[in-house]
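Undergrad: coordinates only, sequence not included:
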């Protein structure tokens, strides 16, 4: 079945668009919709479907039409759904989710050398009374805004990424046991500039960055922090204030994101589906 095209309304700030003209039934039945969503995602980075009230089964089925879905155990009876909650009864790994309060790209530290995720879809089942918004910034735009001299300078730079780097932002004084657990995860090295098959380029930034290969540590950190500040300046960020039933999908290859902190006792619960990537950072 194929129906009319979707309506896209840019949200400003160079990233994000609201999608209208789509309901749950169309998500399940319109054969033209996955292609339209992928094209819009490429252009806008983040797509917002307000009050879509998507059920888990339809969410996973639609994501399978975008690409291969991650079906790793996610503390939810529907395969392909991962519960995002700080409630340990809903997510046994809730402690690590505090790391998502800092800017990051999903998949920079995959243990099995998997490529970074292509896209992530979140649906709000419960929201926090205060906090819990999700912010997005374009790393495509971050690259495009570099000067020619900076593009030349950064072309060959490689950056070390580690779980320890991101977890120290949450727990700056870890116990020996915590430190040992972090260091069991493999350290990764990625180019600072991701050259995509599409021809676009983006910067690989975020909380997992530890150091720049071949640079004195302090100088490398200063460079990474400066680039992240430029990428995430307020005028470049889309901040989504969640309502129950909202669904948001973003292009993980060219967008970094973070959640605003919220009370650990909050009922906030997001249902996440991940579309796996097929493109290495190179």
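TA: Structure's in. What do you need? This structure is a prediction, so every number in the text was calculated from the model and none was measured.
Undergrad: only C-alpha atoms for contact and neighbour calcs from this point on.
TA: Fine.
Undergrad: Do a quick rundown of the helices in the stretch 51-200 of the chain.
TA: 56-64, 139-144, 148-154, 163-168, 176-184 (DSSP state H, counting those that start in this stretch).
Undergrad: which helices and strands does the lengthiest helix in the chain pack with?
TA: Scanning the chain for the helix with the most residues, using DSSP state H, yields helix 217-231. Under the contact criterion of 3 or more C-alpha pairs under 8 Å, 6 or more residues apart in numbering; DSSP states H and E, helix 217-231 touches helix 139-144, strand 209-212.
Undergrad: could you dump these to a markdown table with mean pLDDT?
TA: Shown next, in a markdown table, are these (pLDDT from 0 to 100):
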| stretch | mean pLDDT |
| --- | --- |
| helix 139-144 | 97 |
| strand 209-212 | 96 |
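Undergrad: Which among the ones you listed is found nearest to residue 181?
TA: Taking C-alpha to C-alpha as the criterion, strand 209-212 is the member of those that comes nearest to residue 181, at 17.0 Å.
Undergrad: Show me which positions of the closest one end up buried.
TA: By 16 or more other C-alpha atoms under 10 Å, the buried positions in strand 209-212 come out as 209, 210, 211, 212.
Undergrad: where in the stretch 151-282 of the chain is pLDDT low?
TA: For the stretch 151-282 of the chain, not a single residue meets the criterion pLDDT under 70.
Undergrad: pretty sure residue 232 is touching residue 141, no?
TA: No: if you go by C-alpha atoms under 8 Å, residue 232 and residue 141 don't touch, sitting 10.4 Å apart.
Undergrad: Now do the end-to-end distance for stretch 105-118.
TA: Distance across stretch 105-118, first residue to last, is 10 Å (C-alpha to C-alpha, to the nearest Å).
Undergrad: I'd like the distance from that stretch to the chain centre, please.
TA: Remark: stretch 105-118 is offset 11 Å from the chain centroid, using C-alpha atoms, centre = their mean, to the nearest Å.
Undergrad: Tell me the buried residues in that stretch?
TA: Residues of stretch 105-118 classed as buried under the neighbour-count rule (16+ other C-alpha under 10 Å) are 105, 106, 107, 108, 109, 115, 116, 117, 118.
Undergrad: and the gap between the closest residue in space to the last one that isn't next to it in sequence and residue 117?
TA: Counting by C-alpha to C-alpha, 6 or more residues apart in numbering, residue 277 is the residue found nearest to residue 118 once chain neighbours are left out, at 4.2 Å. Between residue 277 and residue 117 the computed distance is 4 Å (C-alpha to C-alpha).
Undergrad: tally of neighbours for residue 241?
TA: For residue 241, the neighbour count with other C-alpha atoms under 10 Å is 13.
Undergrad: wait, what's in contact with it?
TA: Residues in contact with residue 241, defined by C-alpha atoms under 8 Å, 6 or more residues apart in numbering, are 132, 133, 134.
Undergrad: Check residue 67 too.
TA: By C-alpha under 8 Å, 6+ apart, the neighbours of residue 67 are 275, 276.
Undergrad: and it, what pLDDT?
TA: Confidence at residue 67, expressed as pLDDT, is 96.
Undergrad: Just the terminal-to-terminal distance for stretch 223-243.
TA: 37 Å.
Undergrad: Please give the centre-to-centre distance between it and its chain.
TA: Centre-to-centre, stretch 223-243 and its host chain are 13 Å apart (C-alpha atoms, centre = their mean).
Undergrad: which parts of it are buried?
TA: Neighbour counts using 16+ other C-alpha under 10 Å place 224-225, 227-228, 231-232, 236-240, 242-243 of stretch 223-243 among the buried residues.
Undergrad: Kindly report the same for stretch 250-265.
TA: If you call a residue buried by 16+ other C-alpha under 10 Å, then stretch 250-265 has these buried ones: 250-262.
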